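Novice: Sequence first, then the predicted structure:
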Amino acid sequence: MTTHATPITRTSGGPRFTSGALVTLEVRRALRNKKFLFFSVIYPALLFVIIAGGADSTTEVDGTGLALPAFMMVSMASFGALTAVLMGNSERIAKERQSGWVRQLRLTSLPGRGYVLAKTASAAVVSLPSIVVVFVTAAAVKDVRLDAWQWLALTGAIWAGSLCFAALGVAVGYSATGDAVRPITMILYFALSLLGGLWMPTTTFPHWLQTLADWTPTHAYAALGRAIELGGAPHAGDVVLLLAYFLLFAGGAAWLYRKDTLKA
């Protein structure tokens, strides 16, 4: 009998679970987590106010062509989305593996790629509020003004780009135990944020570190929004680099999922 009251249904072939149902379930769980919502939605906006609140809106950040409030707006929106998709996915998956929830999902018809895509998509959905709240804060507190198409393009670019880190979160969740996942995630989280220039311009780094930063996914991620703020389209090199990282992380996540299945 099929029912619409629960995402798991039964057919003559056995239990059935869809990717769409898992996305819905994951979004509801995330929205009920007040601690997660604070750090992914409110905290980035607070950081923006602290960093850019006293800054002169006409002072340009060296080598960027952007004033500090506009520069930090993209940085903190990207940082908030990174928090939502990376921190949320990795720890939640590790705990689900430990509790046996993932083992139950394997008894359904949901394939491994469906699980990875559902986890990635649900994390990206939850990242949208963090982006919007930073934008609203920047416009209200520092009078950041852009054309309508730029606001829409910025939201779409940062939101779509967060899929890369959502896939990384899934991979980390399947590569670490419940006890080890948090320190591993925190190291990745801070390293990617710092090297990607989300907290400070990479132009302040030594030359060798700037070269390294140019190849990080977070640097390409933030560059998408900054190109739009300057009135242009994202650079093809940044898009290709971010896409390559997404394929790497998603492929790794799917492989780790299958590996974990064989061990179960």
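Specialist: Arrived safely. Just so it is clear, the model here is predicted, and its values are computed rather than measured.

Novice: Check for me that residue 55 belongs to a strand.
Specialist: No - assigned with DSSP: H, G, I helix; E, B strand; the rest coil, residue 55 falls outside any strand and is coil.

Novice: Looks like it contacts residue 71 (just checking).
Specialist: No - contact between residue 55 and residue 71 fails when scored by CB atoms under 8 Å: they sit 9.4 Å apart. Every C-beta, even on glycine, is put in place using the N, C-alpha and C of the backbone.

Novice: higher neighbour count, these two?
Specialist: Neighbour count, other CB atoms under 10 Å: between residue 55 and residue 71, residue 71 has more, with 24 against 15.

Novice: Give the closest residue to that one in space, chain neighbours not counted.
Specialist: residue 61 (4.6 Å; CB to CB, 6 or more residues apart in numbering).

Novice: From residue 68, how far out is that neighbour?
Specialist: 6 Å (CB to CB, to the nearest Å).

Novice: So, low pLDDT: which residues of the stretch 51-200 of the chain?
Specialist: Regions of the stretch 51-200 of the chain meeting the criterion pLDDT under 70 cover residues 56-57, 101-116.

Novice: For it, which segments count as strands?
Specialist: In the stretch 51-200 of the chain, no strands are defined using DSSP state E, counting those that start in this stretch.

Novice: And the longest helix anywhere in the chain, what does it pack against?
Specialist: Longest helix in the chain, counting residues (DSSP state H): helix 112-141. Helix 112-141 sits against helix 19-31, helix 43-52, helix 68-82, helix 88-99, helix 148-175, helix 236-263, with contacts defined as 3 or more CB pairs under 8 Å, 6 or more residues apart in numbering; DSSP states H and E.
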